[in-house]
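Trainee: here are the coordinates; sequence isn't available:
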């Protein structure tokens, strides 16, 4: 327990560690300086240290650091790229096709037809499965709806050591020729802007874009495309 000392104004005895605070709060108009001898100064310092709250300067710094970390994590989560969802506007983009002509999504939508975007890589085995043979799912869809829906395959870079990155125009042309796929092919020859806009993490990934410019359906992976077929039918039904 701290030593008691009389207040120089009112004479009330107060713990010496609280005496200065007492004078300021109880006698704010009194211009009084509290005097301590050397021993009392030492005791005041020790008493204040003993009763120092846990959230002192160091504690407050730790709290501030923790708050900053939480804010950074939350912002990273909010701002991090994510895949699009059904109902989101399809991000516009312009890429070169295999004839070195510009292909722009919003311009093509002006034709009034839904657009099926397939993100793929020419060396992706699942992408090859979709078009390899007459019974390949993507070929069947094109055969049934290719006159009413624009099919577009976009070659993108993927962080896969088994793939040649970025894909080249010759790779895309060879893929198109080998599997006799007559629809439009685009190439993101440098960078990953379009891939990142659409949040692509694997191939093949399909986005059906409705005539209103919004994502109508998303399908990730190869295999049975029955759900994609139903989505196309829904888009074409008045």
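Mentor: It's in. Values in this document were obtained by computation on a predicted structure and should not be read as measured data.
Trainee: OK, contacts around residue 93?
Mentor: By Cβ atoms under 8 Å, 6 or more residues apart in numbering, the residues touching residue 93 are 104-105, 193-194, 197. To be clear about C-beta, it is placed using only N, CA and C from the backbone, and glycine gets the same treatment.
Trainee: so what's the backbone phi/psi at it?
Mentor: With angles defined as degrees, to the nearest 10, residue 93 shows backbone torsions of phi -160, psi 160.
Trainee: with adjacent residues omitted, what lies nearest to residue 162?
Mentor: Closest residue to residue 162 apart from its sequence neighbours, by Cβ to Cβ, 6 or more residues apart in numbering: residue 123 at 7.0 Å.
Trainee: and the one you found, backbone torsions?
Mentor: When quoted as degrees, to the nearest 10, the phi and psi of residue 123 stand at phi -100, psi 10.
Trainee: right, and it touches residue 163 too?
Mentor: Yes: contact criterion Cβ atoms under 8 Å: residue 123 and residue 163 qualify, at 4.8 Å.
Trainee: can I assume residue 216 sits in a strand?
Mentor: Yes: under DSSP: H, G, I helix; E, B strand; the rest coil, residue 216 sits within a strand.
Trainee: residues touching the spatially closest residue to it that is not a sequence neighbour, list them.
Mentor: In space, and not counting its chain neighbours, residue 216 is closest to residue 210: 4.1 Å by Cβ to Cβ, 6+ apart. Going by Cβ under 8 Å, 6+ apart, residue 210 touches 114, 216, 235.
Trainee: now the element after the lowest-mean-pLDDT helix or strand in the chain, going C-ward?
Mentor: Least confident helix or strand, the chain: helix 57-79 with a mean of 63, by mean pLDDT, DSSP states H and E. Sequence order places strand 94-97 as the next helix or strand after helix 57-79, per DSSP states H and E.
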